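S.K.: Sequence first, predicted coordinates after that:
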Amino acid sequence: MKRYVFILSLILFYQLTFAQAPAVLSTRDQAQVVDAWLEDRIQHLLPALMKETGIDCWIVMSREYNEDPVIRTLLPATWHAARRRTILVMYQAHTESPVETYAIARYDVGKSFKKAWNPEVQPDQWAALMDLLQKLNPKKIALNFSKDYGHADGLTHFDYEEFKKYLPKDQHNKLVSAQTLAVRWLETRTPSEMATYKHIQELAHYIIAEGLSAQVITPGVSTTEDVVWYYREKIKEMKLDTWFHPSVDIQRPDPSSQEALRSFAQRPSEQVILPGDLLHIDFGISYLRLNTDTQELAYVLKPGESEVPKYLQEAFQVGNRLQDILTSQFVVGRTGNQILKAAREQMQKERIRGSIYTHPLGYYGHAAGPTIGMWDNQGDTPGAGDFPLHASTGYAIELNAVVYVKEWQKDVRIMLEEGAFFDGSQVTYFNGRQRTIMPIPRPNNYLGN
């Protein structure tokens, strides 16, 4: 009987500690989802965005292996790059009309962009583009050049000059920046994408928890770089990608080591992981063309400890409070700078020391949309910080709270980051958020966050 109870306890321990991995689609199925989402966006989202921004013609062009950040989101899943010079034209005749899509290219580009150039009839690609524009006669011609966003500045100097050379001079006054339209296209998430984002974040949480566990870490032996490369291998093993190299760093109860003062501009050095260490992970995955960006904390139990010390959990709660302060300031129409200012005013009223550096999340990890603070600038961010908040957008709620821990006789930095969705009225974390520090190893009664 005792052996039976022991076996049941062991099974429960492994179920709670190492949950079954969330499913990952086959590469073929991933491609089908990406293409279906793209067609849905072109048919149902793009018309509304072109109407909103007052642009009736948007041209996105790239040469092979010099991809505009926007064109990468318009190519079918089986295309890893533009081909030769790929020119995509999107035109909306009236504000209530569907968007007409054309490819001035040698090939169809996915299902939507059908080839609108016959090199046998018109060998000059630029002349073919001008013929189409003459036929459409748009009021505005939006191109991807931008002061504030690299994401919307993908048109090369040569292609811009060639375009202007071919475009009749009496049409030059139609040229406008596509910055706002490009950002709105990149930042807006569709219902289908949002339904899946919870699952994508769940994958990230699963991998993080496994790496910060006794399954991977042997105190006194494992190093922070061992854990980092475990994550890289795990990502490949699960048919996922990452958009940045993970990092793992340590804060430990040594008053002489002031880790809370470390600059984010300097990558932490490799260290052996020891009992009593507070571990911090910065980690992101890419799946179905969407990205996560997550930071969480774990604590290595010392001999005789069965749980994370209360004083560290209390410090962690200050980080959660700062998250709440920030997300309570999310209001449609407010700029990133206004959100940051309001959040910092409340933070200071509550005597919380910390920094806020939250950014949009979606097609890119550091995505297009309103910038809400930067780690090296807690004031206004000109340009990207002046962009207003919109509904149906995703964010990495990224910040840190600095808490003096008397038991360690020094400041501890609670660095947190979680993916979240703003629906126009409230912020909802994709897959919840960390509420307690993870212990290593996990006790038998550990139920997670």
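M.R.: Sure thing, it's come through.
S.K.: Assign K198 to helix, strand or coil.
M.R.: helix (DSSP: H, G, I helix; E, B strand; the rest coil).
S.K.: and it, what does it touch?
M.R.: For K198, the contact set (C-beta atoms under 8 Å, 6 or more residues apart in numbering) comprises F430, N431. Any C-beta I mention is one placed from the backbone N, CA and C, and that applies to glycine too.
S.K.: what's the answer for L74, then?
M.R.: L38, V60, L88, V109, G110, F113.
S.K.: Return the member of those nearest to L136.
M.R.: Nearest to L136 out of those is L88 (C-beta to C-beta; 13.7 Å).
S.K.: Pull the helix or strand that contains the closest one out as CSV, backbone CA atoms only.
M.R.: Here L88 sits within strand 85-91, counting by DSSP states H and E. What follows is strand 85-91, C-alpha atoms only, in CSV (Å, rounded to 0.1, in the frame of the first residue of the first chain):
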residue,chain,number,x,y,z
ARG,A,85,11.9,42.4,-57.8
THR,A,86,8.5,41.8,-56.4
ILE,A,87,6.0,44.7,-56.6
LEU,A,88,2.6,44.4,-54.8
VAL,A,89,-0.1,46.9,-55.5
MET,A,90,-3.2,47.3,-53.3
TYR,A,91,-6.0,49.6,-54.5
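S.K.: Which elements pack onto it?
M.R.: strand 57-63, strand 100-104, helix 125-136 (3 or more C-beta pairs under 8 Å, 6 or more residues apart in numbering; DSSP states H and E).
S.K.: and with 6 Å instead?
M.R.: Other helices and strands packing on strand 85-91, by 3 or more C-beta pairs under 6 Å, 6 or more residues apart in numbering; DSSP states H and E, are strand 57-63, strand 100-104.
S.K.: any chance of the contacts of L74 in a markdown table, plus neighbour count and pLDDT?
M.R.: Converted to a markdown table, the contacts of L74 look like this (neighbours: other C-beta atoms under 10 Å; pLDDT from 0 to 100):
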| residue | neighbour count | pLDDT |
| --- | --- | --- |
| L38 | 19 | 97 |
| V60 | 26 | 98 |
| L88 | 25 | 97 |
| V109 | 23 | 91 |
| G110 | 21 | 89 |
| F113 | 24 | 94 |
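S.K.: Turn those residues into a markdown table, columns for distance to K51.
M.R.: Formatted as a markdown table, the contacts of L74 follow (distance: C-beta to C-beta, whole Å):
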| residue | distance to K51 |
| --- | --- |
| L38 | 20 |
| V60 | 18 |
| L88 | 19 |
| V109 | 23 |
| G110 | 23 |
| F113 | 20 |
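S.K.: wait, which of those residues is closest to P255?
M.R.: L38 (54.4 Å).
S.K.: Find the nearest non-adjacent residue to the closest one, please.
M.R.: Spatial nearest neighbour of L38, excluding adjacent residues (C-beta to C-beta, 6 or more residues apart in numbering): G110 at 6.5 Å.
S.K.: Can you tell me who Y429 pairs with across the strands?
M.R.: In this entry, Y429 is beta-bridged to A420, by DSSP bridges.
S.K.: isn't it right up against E417?
M.R.: No - if you go by C-beta atoms under 6 Å, Y429 and E417 don't touch, sitting 11.0 Å apart.
S.K.: Between those two, point out the one with more neighbours.
M.R.: E417 (25 against 16; other C-beta atoms under 10 Å).
S.K.: Run the angle between the strand holding L88 and strand 100-104 for me.
M.R.: 160 degrees (axes from the mean of the first three to the mean of the last three C-alpha atoms, to 10 degrees).
S.K.: In strand 85-91, which of the residues would be classed as buried?
M.R.: R85, T86, I87, L88, V89, M90, Y91 (16 or more other C-beta atoms under 10 Å).
S.K.: Can I get those in a markdown table including distance to Y404?
M.R.: Formatted as a markdown table, those follow (distance: C-beta to C-beta, whole Å):
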| residue | distance to Y404 |
| --- | --- |
| R85 | 59 |
| T86 | 56 |
| I87 | 58 |
| L88 | 55 |
| V89 | 59 |
| M90 | 55 |
| Y91 | 60 |
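S.K.: and S256, how many neighbours?
M.R.: Neighbours around S256, by other C-beta under 10 Å: 6.
S.K.: got it, and T358?
M.R.: Quick note: T358 (other C-beta under 10 Å) scores 25 neighbours.
S.K.: for Q20, same thing?
M.R.: Q20: 7 neighbours (other C-beta under 10 Å).
S.K.: Against R106, how distant is it?
M.R.: 46 Å (C-beta to C-beta, to the nearest Å).
S.K.: for the protein, which spans come out with low pLDDT?
M.R.: 1-19, 260, 263, 265, 445-449 (pLDDT under 70).
S.K.: again, only this time at 90
M.R.: Scanning the chain for pLDDT under 90 picks out 1-21, 79-84, 106-107, 110, 112, 254-269, 443-449.
S.K.: right, and G385 touches I339 too?
M.R.: No - using C-beta under 6 Å, G385 is not in contact with I339, being 9.1 Å away.
S.K.: Which one's more surrounded, these two?
M.R.: Comparing G385 with I339 by other C-beta under 10 Å, the one with more neighbours is I339, at 25 against 22.
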